[in-house]
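Asks: next comes the sequence, and after it the predicted model I'd like to discuss.
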Amino acid sequence: MSKVYTIAVLVGSLRKESINRKVALALAELAPANLKLNIIEIGDLPLYNEDLEGATPPAAYSNFRKQVSSSDAVLFVTPEYNRSVPAPLKNAIDVGSRPYGQSVWGGKPGAIISVSPGAMGGFGANHHLRQSLVFLDVWCMQQPEAYLGGAGSVFDEAGKVSERSKPFLQAFIDAYGKWVEKQKA
(Lines give C-alpha, C1' and ligand atoms only; values in the text may rest on other atoms or scores of the structure.)
Protein backbone atom coordinates (compact mmCIF):
# COMPACT_ATOMS: atom_id res chain seq x y z
CA MET A 1 0.00 0.00 0.00
CA SER A 2 1.35 3.41 -0.91
CA LYS A 3 1.82 6.18 1.60
CA VAL A 4 -0.95 8.73 2.09
CA TYR A 5 0.32 12.30 1.82
CA THR A 6 -1.23 15.16 3.75
CA ILE A 7 -1.87 18.14 1.50
CA ALA A 8 -2.21 21.67 2.89
CA VAL A 9 -4.81 23.38 0.71
CA LEU A 10 -4.83 27.18 0.70
CA VAL A 11 -7.91 28.81 -0.79
CA GLY A 12 -7.35 32.39 -1.91
CA SER A 13 -10.98 33.48 -1.56
CA LEU A 14 -12.33 34.03 1.94
CA ARG A 15 -16.01 33.92 1.02
CA LYS A 16 -17.76 31.01 2.69
CA GLU A 17 -19.56 30.13 -0.55
CA SER A 18 -16.71 30.97 -2.92
CA ILE A 19 -16.32 28.99 -6.10
CA ASN A 20 -12.65 28.48 -5.19
CA ARG A 21 -13.61 26.84 -1.88
CA LYS A 22 -16.11 24.64 -3.71
CA VAL A 23 -13.41 23.62 -6.19
CA ALA A 24 -11.04 22.81 -3.31
CA LEU A 25 -13.71 20.62 -1.70
CA ALA A 26 -14.45 18.93 -5.04
CA LEU A 27 -10.74 18.19 -5.50
CA ALA A 28 -10.68 16.63 -2.03
CA GLU A 29 -13.52 14.31 -3.08
CA LEU A 30 -11.84 13.44 -6.39
CA ALA A 31 -8.36 13.00 -4.91
CA PRO A 32 -6.57 9.71 -5.48
CA ALA A 33 -6.11 7.42 -2.49
CA ASN A 34 -2.55 8.67 -1.86
CA LEU A 35 -3.71 12.23 -1.07
CA LYS A 36 -5.58 13.61 1.94
CA LEU A 37 -6.50 17.25 1.31
CA ASN A 38 -6.99 19.59 4.27
CA ILE A 39 -8.04 23.19 3.82
CA ILE A 40 -5.99 25.47 6.04
CA GLU A 41 -7.91 28.62 6.88
CA ILE A 42 -6.08 31.88 6.20
CA GLY A 43 -8.74 34.48 6.95
CA ASP A 44 -7.77 35.00 10.60
CA LEU A 45 -4.07 35.59 9.98
CA PRO A 46 -3.08 39.11 11.04
CA LEU A 47 -1.26 41.01 8.30
CA TYR A 48 2.36 40.00 8.45
CA ASN A 49 4.37 42.40 10.59
CA GLU A 50 7.84 41.43 11.78
CA ASP A 51 7.26 43.50 14.93
CA LEU A 52 4.65 40.92 15.99
CA GLU A 53 7.14 38.03 15.92
CA GLY A 54 8.96 38.69 19.21
CA ALA A 55 9.18 35.96 21.85
CA THR A 56 5.53 35.07 21.39
CA PRO A 57 4.25 35.51 17.84
CA PRO A 58 0.47 35.65 17.33
CA ALA A 59 -1.13 32.26 17.90
CA ALA A 60 -2.63 32.45 14.40
CA TYR A 61 0.90 32.68 12.92
CA SER A 62 2.15 29.73 14.98
CA ASN A 63 -0.88 27.54 14.25
CA PHE A 64 -0.72 28.26 10.52
CA ARG A 65 3.01 27.53 10.35
CA LYS A 66 2.54 24.28 12.26
CA GLN A 67 -0.24 23.12 9.92
CA VAL A 68 1.73 23.84 6.76
CA SER A 69 4.99 22.53 8.20
CA SER A 70 3.40 19.20 9.17
CA SER A 71 1.94 18.75 5.67
CA ASP A 72 3.73 16.79 2.98
CA ALA A 73 2.76 19.10 0.12
CA VAL A 74 0.74 22.21 -0.73
CA LEU A 75 -2.08 22.99 -3.14
CA PHE A 76 -3.17 26.54 -3.94
CA VAL A 77 -6.69 27.21 -5.20
CA THR A 78 -6.98 30.88 -6.05
CA PRO A 79 -9.04 33.48 -7.83
CA GLU A 80 -7.42 36.36 -9.64
CA TYR A 81 -7.61 39.86 -8.20
CA ASN A 82 -6.12 42.59 -10.39
CA ARG A 83 -3.89 40.12 -12.29
CA SER A 84 -2.44 38.75 -9.05
CA VAL A 85 -3.32 36.67 -6.01
CA PRO A 86 -5.74 37.96 -3.37
CA ALA A 87 -4.16 39.77 -0.42
CA PRO A 88 -5.09 37.07 2.16
CA LEU A 89 -3.24 34.43 0.15
CA LYS A 90 -0.16 36.61 -0.28
CA ASN A 91 -0.26 37.34 3.45
CA ALA A 92 -0.40 33.60 4.24
CA ILE A 93 2.60 33.02 1.99
CA ASP A 94 4.49 35.78 3.80
CA VAL A 95 3.55 34.48 7.26
CA GLY A 96 4.74 31.00 6.31
CA SER A 97 8.04 32.28 4.94
CA ARG A 98 9.06 34.02 8.17
CA PRO A 99 11.01 34.37 10.39
CA TYR A 100 13.82 34.46 7.87
CA GLY A 101 15.47 31.05 7.56
CA GLN A 102 12.47 29.21 9.02
CA SER A 103 10.13 29.02 6.02
CA VAL A 104 7.52 26.26 6.15
CA TRP A 105 7.36 26.10 2.35
CA GLY A 106 10.79 24.86 1.28
CA GLY A 107 11.04 21.50 -0.45
CA LYS A 108 7.31 20.81 -0.56
CA PRO A 109 5.70 19.62 -3.79
CA GLY A 110 3.05 22.10 -4.83
CA ALA A 111 0.44 22.85 -7.46
CA ILE A 112 -1.80 25.74 -8.40
CA ILE A 113 -5.28 25.81 -9.84
CA SER A 114 -6.66 29.25 -10.57
CA VAL A 115 -10.41 29.61 -10.74
CA SER A 116 -12.21 32.54 -12.29
CA PRO A 117 -15.56 33.37 -13.84
CA GLY A 118 -13.59 35.10 -16.61
CA ALA A 119 -12.43 33.42 -19.80
CA MET A 120 -8.71 33.47 -18.91
CA GLY A 121 -9.19 31.34 -15.80
CA GLY A 122 -6.99 33.39 -13.50
CA PHE A 123 -3.90 33.11 -15.72
CA GLY A 124 -2.29 36.20 -14.16
CA ALA A 125 -2.76 35.01 -10.58
CA ASN A 126 -1.50 31.54 -11.45
CA HIS A 127 1.74 32.83 -12.94
CA HIS A 128 2.28 35.51 -10.33
CA LEU A 129 1.97 32.87 -7.61
CA ARG A 130 4.43 30.62 -9.45
CA GLN A 131 7.05 33.39 -9.18
CA SER A 132 6.72 33.42 -5.40
CA LEU A 133 6.83 29.63 -5.18
CA VAL A 134 10.12 29.52 -7.09
CA PHE A 135 11.70 31.79 -4.48
CA LEU A 136 10.16 29.77 -1.64
CA ASP A 137 11.53 26.49 -3.03
CA VAL A 138 8.10 24.94 -3.56
CA TRP A 139 8.45 22.32 -6.30
CA CYS A 140 5.51 23.46 -8.38
CA MET A 141 3.95 20.95 -10.77
CA GLN A 142 4.47 22.27 -14.29
CA GLN A 143 1.96 20.15 -16.19
CA PRO A 144 -0.90 20.07 -16.41
CA GLU A 145 -1.35 23.78 -15.90
CA ALA A 146 -4.75 24.44 -14.40
CA TYR A 147 -6.74 27.54 -15.31
CA LEU A 148 -10.43 27.05 -14.68
CA GLY A 149 -12.32 29.75 -16.59
CA GLY A 150 -16.08 30.16 -16.74
CA ALA A 151 -16.14 29.00 -13.14
CA GLY A 152 -19.80 29.84 -12.75
CA SER A 153 -20.61 26.69 -14.72
CA VAL A 154 -18.33 24.29 -12.84
CA PHE A 155 -21.16 23.17 -10.57
CA ASP A 156 -24.70 22.11 -11.45
CA GLU A 157 -27.87 23.28 -9.67
CA ALA A 158 -27.41 20.54 -7.05
CA GLY A 159 -23.91 21.84 -6.24
CA LYS A 160 -22.12 18.86 -7.79
CA VAL A 161 -19.24 19.18 -10.23
CA SER A 162 -20.72 19.34 -13.72
CA GLU A 163 -20.03 16.49 -16.13
CA ARG A 164 -18.22 19.03 -18.33
CA SER A 165 -15.79 20.05 -15.54
CA LYS A 166 -15.25 16.74 -13.76
CA PRO A 167 -12.73 15.22 -16.25
CA PHE A 168 -10.58 18.37 -16.06
CA LEU A 169 -10.53 18.40 -12.25
CA GLN A 170 -9.96 14.64 -12.11
CA ALA A 171 -7.00 14.82 -14.52
CA PHE A 172 -5.47 17.68 -12.51
CA ILE A 173 -5.76 16.02 -9.08
CA ASP A 174 -4.60 12.64 -10.43
CA ALA A 175 -1.52 14.29 -11.98
CA TYR A 176 -0.87 16.07 -8.69
CA GLY A 177 -1.07 12.79 -6.80
CA LYS A 178 1.62 11.37 -9.12
CA TRP A 179 3.69 14.55 -8.75
CA VAL A 180 3.63 14.38 -4.95
CA GLU A 181 4.47 10.68 -5.01
CA LYS A 182 7.43 11.28 -7.33
CA GLN A 183 8.79 14.22 -5.33
CA LYS A 184 8.44 12.50 -1.96
CA ALA A 185 9.99 9.20 -3.13
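Replies: Sure thing, it's come through.
Asks: show me how far the longest helix belonging to the chain is from its chain's centre.
Replies: The helix that spans the most residues within the chain, counting by DSSP state H, is helix 166-184. Per C-alpha atoms, centre = their mean, to the nearest Å, the displacement of helix 166-184 from the mean C-alpha position of its chain is 14 Å.
Asks: that one packs against which elements?
Replies: With contacts taken as 3 or more C-beta pairs under 8 Å, 6 or more residues apart in numbering; DSSP states H and E, helix 166-184 sits against strand 5-11, helix 19-30, strand 35-39, strand 73-78, strand 109-115. The way it works is simple: take the backbone N, C-alpha and C, and place the C-beta from them, glycine included.
Asks: any chance of the ones you listed in a markdown table, plus mean pLDDT and distance to residue 139?
Replies: Formatted as a markdown table, those follow (pLDDT from 0 to 100; distance: least, C-beta to C-beta, whole Å):
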| stretch | mean pLDDT | distance to residue 139 |
| --- | --- | --- |
| strand 5-11 | 98 | 13 |
| helix 19-30 | 96 | 19 |
| strand 35-39 | 98 | 16 |
| strand 73-78 | 98 | 9 |
| strand 109-115 | 97 | 5 |
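Asks: which of these has the highest mean neighbour count?
Replies: Comparing the helices and strands packed on helix 166-184 by mean neighbour count (mean count of other C-beta atoms under 10 Å), strand 73-78 comes out on top with a mean of 28.
Asks: mind putting the helices and strands packed on helix 166-184 into TSV with distance to residue 148?
Replies: Converted to TSV, those look like this (distance: least, C-beta to C-beta, whole Å):
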stretch	distance to residue 148
strand 5-11	13
helix 19-30	7
strand 35-39	16
strand 73-78	9
strand 109-115	5
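Asks: for residue 159, find the nearest of those.
Replies: For these, proximity to residue 159 was assessed by C-beta to C-beta; helix 19-30 is nearest, at 7.5 Å.
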